[in-house]
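**Student:** Got a sequence here, can you build the structure:
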Amino acid sequence: MSEMQRIGVVGGGAWGTALAQVAARAGRDVVLWAREPQVVADINAIHENRTYLAGVTLDPVVRATGAFTDLAACDALLLVAPAQFLRAVLADLAAVLAARVPVVLCAKGIEQGSGLLMTEVAAQVAPGRPLAVLSGPTFAAEVARGLPTAITLACQSQAMGDQLMTALGQTTFRPYWSDDLIGAEVGGAVKNVLAIACGVAAGRQLGENARAALITRGYAEMLRFGLAKGAQAETLSGLSGLGDLILTCSSTQSRNMSLGFAIGEGKRMDDILASRNSVAEGAYTAPVLLEAASRLGVDMPITEAVVDLLYNDAGVEATIERLLRRPFKAERVQP
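**Tutor:** Next up, the predicted model:
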């Protein structure tokens with residue numbers, strides 16, 4: 001493969017914009033595709049995404065577009081479309097990109113209806129295309145501002161991984177290569193659901209002990225599910241698993257934790273989501289994750305509680321009480 005100088009980013013939200021800034025800071029030529037004409041206009045005219053990442057001045061090398069054809073000359077593509085839209089977006093892109101161009105999947109979720117991970121969706125839509133997964137503990141605003149960040153870059157080819165790390169890596173954005181795409185994906189998807197649970201506990205003022213317990217027992221759920229899907233335990237204990245879980249469950253900067261916080265305060269999910277312009281992936285992942293876990297015979301009581309709160313009109317107090325009344329047992333992280 002030749003040097004990856006031209007980087008395309010698909011998705012004009014906060015995370016896509018932050019990754020465009022990362023690539024620009026690494027010295028790459030960057031084209032950012034955004035669905036919203038206002039985002040495209042603002043980035044090109046004033047070098048700021050006022051809609052999703054206000055207050056961050058973008059490198060002028062970041063050029064925004066609303067046309068997929070402008071991505072045709074890219075050497076690598078970062079696909080940051082929300083998980084539930086990835087199939088449709090990638091189908092459109094497949095007609096534009098050369099088959100050799102690697103696609104780096106940056107969405108964290110499981111597809112509704114199919115129950116597929118993002119790599120599984122991509123393999124159906126664009127079979128044979130080189131794929132990678134970028135996932136880890138990141139808040140977009142901090143990444144965009146150049147604050148220190150470490151992240152997992154998973155792909156089967158270490159040579160491609162080295163090229164992508166060279167294209168994006170820098171002192172304040174440190175990718176670590178893994179060959180475990182499933183593990184990187186499972187960690188990113190499951191932690192969003194668990195962050196909602198931690199948000200509920202925070203909104204209900206249950207204390208830091210409860211948050212620590214939810215993170216730890218939630219990690220046990222993540223690990224059980226990941227191993228059942230074929231992930232490596234060390235991946236789930238790394239940046240894209242435990243690392244991302246800790247970050248997302250520790251601050252209401254997380255869209256998922258803030259959603260849970262509002263539910264813990266007594267608000268309804270539909271009202272919360274209607275007031276936002278960003279996506280809380282965990283809300284869409286939770287029921288799909290629970291179905292997938294059931295098929296695999298994996299017990300995920302925290303995930304089940306989140307689904308009950310979001311979709312089954314369960315009361316917060318009753319749901320918490322049900323979790324707390326589960327039988328005492330030995331501590332087991334792995335099956």
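
**Student:** Domain ranges for this structure, per the record?
**Tutor:** Taking automatic domain parsing as the criterion, the chain consists of the domains 6-179, 186-324.

**Student:** As CSV, those domains with mean neighbour count and distance to Glu331 would be great.
**Tutor:** Every residue, glycine included, has its C-beta placed from N, CA and C. Formatted as CSV, the domains of the chain follow (neighbours: other Cβ atoms under 10 Å; distance: least, Cβ to Cβ, whole Å):
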stretch, mean neighbour count, distance to Glu331
domain 6-179, 20, 25
domain 186-324, 20, 8
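
**Student:** could you dump these to TSV with distance to Arg332?
**Tutor:** Conversion of the domains of the chain to TSV gives the following (distance: least, Cβ to Cβ, whole Å):
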stretch	distance to Arg332
domain 6-179	24
domain 186-324	7
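
**Student:** Mind putting those domains into TSV with mean pLDDT?
**Tutor:** Converted to TSV, the domains of the chain look like this (pLDDT from 0 to 100):
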stretch	mean pLDDT
domain 6-179	97
domain 186-324	94
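
**Student:** Which one of those domains lies nearest to Val333?
**Tutor:** Ranking these by distance to Val333, with Cβ to Cβ as the measure, places domain 186-324 first at 4.8 Å.

**Student:** Going along the chain, name the strands of the protein.
**Tutor:** Per DSSP state E, the chain carries strands over the ranges 6-10, 29-33, 62-65, 76-79, 103-105, 131-135, 149-154, 173-178.

**Student:** Redo those as CSV? Include distance to Cys198.
**Tutor:** Shown next, in CSV, are those (distance: least, Cβ to Cβ, whole Å):
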stretch, distance to Cys198
strand 6-10, 30
strand 29-33, 32
strand 62-65, 34
strand 76-79, 28
strand 103-105, 25
strand 131-135, 19
strand 149-154, 21
strand 173-178, 25
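
**Student:** closest to Ala280 out of these?
**Tutor:** Using Cβ to Cβ, the strands of the chain put strand 131-135 closest to Ala280, at 16.7 Å.

**Student:** How far off centre is that closest one?
**Tutor:** 10 Å (Cα atoms, centre = their mean, to the nearest Å).

**Student:** Would you mind getting the angle between it and strand 149-154?
**Tutor:** Counting by axes from the mean of the first three to the mean of the last three Cα atoms, to 10 degrees, strand 131-135 lies at 150 degrees to strand 149-154.

**Student:** Which elements pack onto strand 131-135?
**Tutor:** Applying 3 or more Cβ pairs under 8 Å, 6 or more residues apart in numbering; DSSP states H and E, one finds that strand 131-135 makes contact with strand 103-105, helix 118-125, strand 149-154, helix 158-168, helix 181-203.

**Student:** could you dump those to CSV with distance to Ala64?
**Tutor:** Formatted as CSV, the helices and strands packed on strand 131-135 follow (distance: least, Cβ to Cβ, whole Å):
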stretch, distance to Ala64
strand 103-105, 19
helix 118-125, 24
strand 149-154, 23
helix 158-168, 19
helix 181-203, 26
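
**Student:** The ones you listed: which one's closest to Val30?
**Tutor:** Of the helices and strands packed on strand 131-135, nearest to Val30 by Cβ to Cβ is helix 158-168, at 10.7 Å.

**Student:** State the distance from the most centrally placed residue in the chain to Val143.
**Tutor:** What sits nearest the mean C-alpha location of the chain, by Cα atoms, centre = their mean, is Lys108, with 2.9 Å. Separation of Lys108 from Val143 (Cβ to Cβ, to the nearest Å): 15 Å.
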